[in-house]
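A.B. asks: just a sequence and a predicted model for now, questions to come.
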Amino acid sequence: MDFAPSFALIAPELLLIAAGLVLLLVAAWAGDKAARLVTILAAAALFGAGVMLVPGLHFGTDGPATLAFGGLMKVDSFALFAKALIYLSAIGALMVAPAFFNSAAAGTERVMRAEYPVLVLFATVGMSIMVSANDFMSLYLGLELNSLSAYVLAAILRRDTRSGEAGLKYFVLGALASGILLYGMSLLYGFTGGTGFLAVRAGLTGELGTGALFGLIFVLAGLAFKISAVPFHMWTPDVYEGAPTPVTAFFATAPKVAAVALTARVVFEVFGGQVDAWQQIVMFTALASIIFGALGAIGQENLKRLLAYSSINNIGFILLGLAVANQDGASAMLVYLFIYVAMSLGSFVALLMLRGEDGALFETFADIRGLSVTQPAIAWALLFFMFSLAGIPPLLGFYSKFVVFQATIEAGLVAFGAIAIAASVIGAFYYIKFVKVMFFDEPAGVVTGKSPAGHWALLGLTALIVSPLGYLLTPSLTDLADKAAASLFLTV
Amino acid sequence: MEGLPILSLMMLVPLAGALACLFVGANLARWVALGATLATFGLGIILWSSYQIGGPQWQFTERADLFAGFSYALGIDGISLLLIMLSVFLMPICILASWDAIKKRVGEYMAAFLFMEVLMIGTFAAQDLFLFYVFFEAGLIPMYLIIGVWGGDNRIYASYKFFLYTLLGSVLMLIAMFWMVAEAGTSDIPTLMQYDFPAEAQTWLWLAFFASFAVKVPMWPLHTWLPDAHVQAPTAGSVILAGVLLKLGGYGFIRFSLPMFPEASADFAWLVFILSMIAVVYTSLVALVQADMKKLIAYSSVAHMAIVTVGLFAFNVQGLEGAVIIMLSHGLVSGALFLCVGVIYDRLHTREIARYGGLAINMPYYALFFLLFTMASIGLPGTSGFVGEFLALAGIYQTSSLVALVATTGIILGAAYMLYLYRRVAFGGQVNEDAAAMRDISAREWVMMAPIAAAVLWMGVYPESFLAPMRADIAVLDARLAATAPASDASLAPGAPREEAANALHHDNAAGEGAH
């Protein structure tokens, strides 16, 4: 068997693996002194891997030419779109890390560990494999590579009890979810006789047997945990709050993209012939996520917890696109993912820039009172992100809601869409509370520290994307998302 | 002027001003804002003068496919033209009203107002359904900030209420819009205005749009956000809220609900009538007992807007024309009344009516302007209020004399609460020393008041200037509504003429005189 075409297809992953291994050695020999260098090189590797995706993204790839290793992986436009988003988010998470870990915000250690960028690289490789998986085996390998790296990342501040707690919770609950997923996969294997997506799909024709149905539900439950959709969302606020903020920024973006893309691929490619079996589940999960994500956020004082609930809320809207179960819905979902990544990354960067004189991060509403007076630029950027997350035009967040709801209504799910959009008003409540605290309240009288240029660049870029100017991106974004969604539906 | 994208230009000037205001100092920001709004007003005059009355229905159209999903399409008809003129006319006055009153964060304040102006022009000029929604909804952000940052003591509550109320109304409209676009295959407003949606779908589409516009207008019982927002907003915020933002609801009815869902509109006219009748009587009575001037005027706005909705759903030319004229007139008059409150609020820092009294003695010019606007609000002939209310009531009388009867009590009650307000503020003895020591209006306040007074009189004496641009558009709308217009209960039914005059003497000669 000639592996050359397969290796060519996974060239970005190979680059990332090579970079990860080399940088691991550098980190081992040079120690934490080289952390900054390792971070820069890791970001460069991610950027290089991202550049490799451009031709495929631009021209669109699908069909048998995208299958690698005998159908274990499938590097189509859909995978490329998700990978591009993952790499970009990972670069963002690397850019903001050094300043955080080298300051008092990182607790008593005050030094960045060189393993951090390496772990991010390995997690990214895992996610790359997840989104291009075409077989339950490769799916699980990618998922676990990502998850194991993520558990360590959550606990990377070893002397910080909250970080340790976050890592432990994430690990225990993540292992449980992996178990559920694995059990579902084994059921599907037992009832269909294959692990490849196409093989399972072929085995799931006609009336769905009870065993296969259980398999489907277990797989969906495991995936729902990974995307932190209600009712499997309980770990999210704790992990987001406890994990170091750059890690939280990473969790809120890249793994979300990977898990959502993976879920989309599984439901369309594996269960594509059994839409009735999963559509109700996804619809329920979407609505529940929107409503509970919004209600849970209302009482929060901690900003990271609030953003955790916000991400649950957003996952609900993303799942709305999935629940539509057609190509328009999938395309809308991808557009939403892109905009969601920009909004989340921007919000977390802004949070990272809110630090006191001693470098400790601000974490509660009380700390950011009157921010618009003391730090107008950050406050305005946060205002953009919050109104954007709330889906208020003319910010780009409105467009993301626009596409998913349009897909929902065009598919005829009018009542479902109406309930979901009415529930989005609940969410608006806490987003505007954010704005209220920053703009309406008197300043709390704390001086905020300086932030490095990298933060400002990232904040400016994401704010520019969510600003009304971002609408100029929508034609090309829609084009890319349409191509990606089309490749997802080609299996039939 | 051919080919000049004047509508885009009118949005670009305030936008550039808004961005500039964010980065300059307080004093310069005031001048930048004033310059930008005056320049926009200048462009507005060019727009009106080059608008061809009797020309094509949609003029100054622009179209660019900049976005995926919807297009950047602008264009105006006579109704839009008048409402755009109202917006650009009030804007420089708002800036002047905030000249001294706003002391903190002036740059951001001016930027918010200029941004608001962009959105208002955009809302009235949008020719794409989704573009309209973007502009319509985006106004929440600057208004939320204006109320919340520069408002009164209870501003947080008022800003939340304003934001969430209007948002909940609007999102349902968005769902309806998606359905309409999927059904009609286009998001072009002029096409949709002629599209016949299935009658059963019209019902819920109409209700979804109604949810949004009824909150904006606002109609009883969805009006409760308005008094809060008005009272807490700074003076200029109230002016814009009453002057233009409330008109978005009326504009929505006339642009969307009526032409797009004529059958549902006819079916639901009773609902609009009942809500409007309650609003006219109830909010007028509530206004009568207010101790806070701004709250009083806010409730009077609800009553006036109820006459607008009554006129709109009269389904005839007089009603529609009257509704638009009331919208324009109310925009000017209530804006001016809020300015009048602002003038004395700036001096004494209270809106409590009882704290004033006898102002006609120490502030004669102020009392004169206040009187004029009070009379215009009541609808005295010769002022703009009369023209609009007369037309609207004449229109509704043809459809339902009962509704006309109840709506007309609004005029009487309006006279009661406005005159009562005026008597307590301007007439009587000077009971409060500090109020008696207030200076008369300054040159800046003259500049604010005089143009509005002139416009109010112009509209009252020669309304043709304002009726002419929209006559053709109202006729088109009336033709569209003709098929579904409800039967009139007040039209004159010609009876069968008598055979002969009532006093004719009967000369029963048939039998002959000497028969008996």
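C.D. replies: Arrived safely. Residues are numbered from 1 along each chain as shown, chains lettered A, B, ... in the order given.
A.B. asks: pLDDT (mean, whole number) over the helix or strand harbouring B:Ser329?
C.D. replies: Per DSSP states H and E, B:Ser329 falls inside helix B:317-348. For helix B:317-348, the mean per-residue pLDDT is 90.
A.B. asks: can you give me the buried ones in that helix?
C.D. replies: Across helix B:317-348, burial judged by 16 or more other Cβ atoms under 10 Å in any protein chain shown covers B:317-347. (Each C-beta comes from the backbone N, C-alpha and C, glycine too.)
A.B. asks: any idea how far it is from the chain center?
C.D. replies: 8 Å (Cα atoms, centre = their mean, to the nearest Å).
A.B. asks: likewise stretch B:456-473?
C.D. replies: Per Cα atoms, centre = their mean, the centroid offset for stretch B:456-473 relative to its chain is 15 Å.
A.B. asks: what does chain A have sitting close to chain B?
C.D. replies: Within chain A, the positions near chain B by Cβ under 8 Å from any Cβ of the partner chain are A:372-373, A:387, A:392-394, A:398-399, A:402-403, A:405-406, A:408-410, A:414, A:417-418, A:421-422, A:424-425, A:428-429, A:432, A:435-436, A:439-440, A:471-472, A:474-475, A:477-479.
A.B. asks: narrow those residues to just the buried residues.
C.D. replies: Using 16+ other Cβ under 10 Å as the burial test, the residues of chain A next to chain B include A:372, A:387, A:392-394, A:398-399, A:402-403, A:405-406, A:408-410, A:414, A:417-418, A:421, A:424-425, A:428-429, A:432, A:435-436, A:439-440, A:471, A:474, A:477-478 as buried.
A.B. asks: those residues in helices, which ones?
C.D. replies: Counting by DSSP state H, the part of these found in helices is A:372, A:387, A:398-399, A:402-403, A:405-406, A:408-410, A:414, A:417-418, A:421, A:424-425, A:428-429, A:432, A:435-436, A:439, A:474, A:477-478.
A.B. asks: mind pulling up the pLDDT for the residue lying closest to B:Ile46 once chain neighbours are set aside?
C.D. replies: Using Cβ to Cβ, 6 or more residues apart in numbering or on different chains and skipping residues adjacent in sequence, the residue nearest B:Ile46 is B:Ile6, 6.7 Å away. Listed pLDDT for B:Ile6 reads 86.
A.B. asks: correct me, but B:Lys247 touches B:Met85?
C.D. replies: No - in this structure B:Lys247 lies outside contact range of B:Met85 using Cβ atoms under 8 Å: 11.7 Å.
A.B. asks: ranges for the helices of the stretch 251-400 of chain A?
C.D. replies: A:275-298, A:303-323, A:327-352, A:371-374, A:376-390, A:396-410 (DSSP state H, counting those that start in this stretch).
A.B. asks: now those helices in TSV, with mean pLDDT and distance to B:Gly122?
C.D. replies: Below are the helices of the stretch 251-400 of chain A laid out as TSV (pLDDT from 0 to 100; distance: least, Cβ to Cβ, whole Å):
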stretch	mean pLDDT	distance to B:Gly122
helix A:275-298	90	29
helix A:303-323	91	26
helix A:327-352	92	22
helix A:371-374	84	25
helix A:376-390	90	17
helix A:396-410	90	14
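A.B. asks: among these, which is nearest A:Asn134?
C.D. replies: helix A:327-352 (16.6 Å; Cβ to Cβ).
A.B. asks: can you mark which positions in the closest one are buried?
C.D. replies: Residues A:328-352 are the ones in helix A:327-352 that count as buried (16+ other Cβ under 10 Å).
A.B. asks: what's the answer for stretch B:31-40, then?
C.D. replies: Within stretch B:31-40, judged by 16+ other Cβ under 10 Å, the buried ones are B:32-34, B:36-37, B:39-40.
A.B. asks: please apply the same query to stretch A:294-306.
C.D. replies: A:294-297, A:300, A:303-306.
A.B. asks: do the same with stretch B:77-93
C.D. replies: The neighbour-count check on stretch B:77-93 (16+ other Cβ under 10 Å) flags B:77-93 as buried.
A.B. asks: quick one: B:Ser334 from B:Leu393, how far?
C.D. replies: 19 Å (Cβ to Cβ, to the nearest Å).
A.B. asks: try A:Ile180
C.D. replies: A:Ile180 is 69 Å from B:Leu393, by Cβ to Cβ.
A.B. asks: what residues does stretch B:10-19 touch?
C.D. replies: Stretch B:10-19 has contacts (Cβ atoms under 8 Å, 6 or more residues apart in numbering or on different chains) with B:32-33, B:35-37, B:39-40, B:43-44, B:47, B:84, B:88, B:91, B:110-112, B:114-115, B:117-118, B:121-122, B:125.
A.B. asks: pull out the C-alpha coordinates of stretch A:312-330 and format them as PDB.
C.D. replies: In PDB, the C-alpha atoms belonging to stretch A:312-330 read as follows (Å, rounded to 0.1, in the frame of the first residue of the first chain):
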ATOM      1  CA  ILE A 312     -22.800  26.800  27.100                       C
ATOM      2  CA  ASN A 313     -25.400  29.200  25.800                       C
ATOM      3  CA  ASN A 314     -23.500  29.600  22.500                       C
ATOM      4  CA  ILE A 315     -23.200  25.900  22.100                       C
ATOM      5  CA  GLY A 316     -26.900  25.800  22.200                       C
ATOM      6  CA  PHE A 317     -27.200  28.100  19.200                       C
ATOM      7  CA  ILE A 318     -24.500  26.100  17.400                       C
ATOM      8  CA  LEU A 319     -26.500  23.000  17.900                       C
ATOM      9  CA  LEU A 320     -29.500  24.800  16.500                       C
ATOM     10  CA  GLY A 321     -27.700  24.600  13.200                       C
ATOM     11  CA  LEU A 322     -27.000  21.000  13.700                       C
ATOM     12  CA  ALA A 323     -30.700  20.300  14.600                       C
ATOM     13  CA  VAL A 324     -31.800  21.500  11.300                       C
ATOM     14  CA  ALA A 325     -30.100  18.500   9.800                       C
ATOM     15  CA  ASN A 326     -29.400  19.800   6.400                       C
ATOM     16  CA  GLN A 327     -26.600  21.400   4.500                       C
ATOM     17  CA  ASP A 328     -27.700  25.000   5.200                       C
ATOM     18  CA  GLY A 329     -27.800  24.200   8.800                       C
ATOM     19  CA  ALA A 330     -24.300  22.800   8.800                       C
END
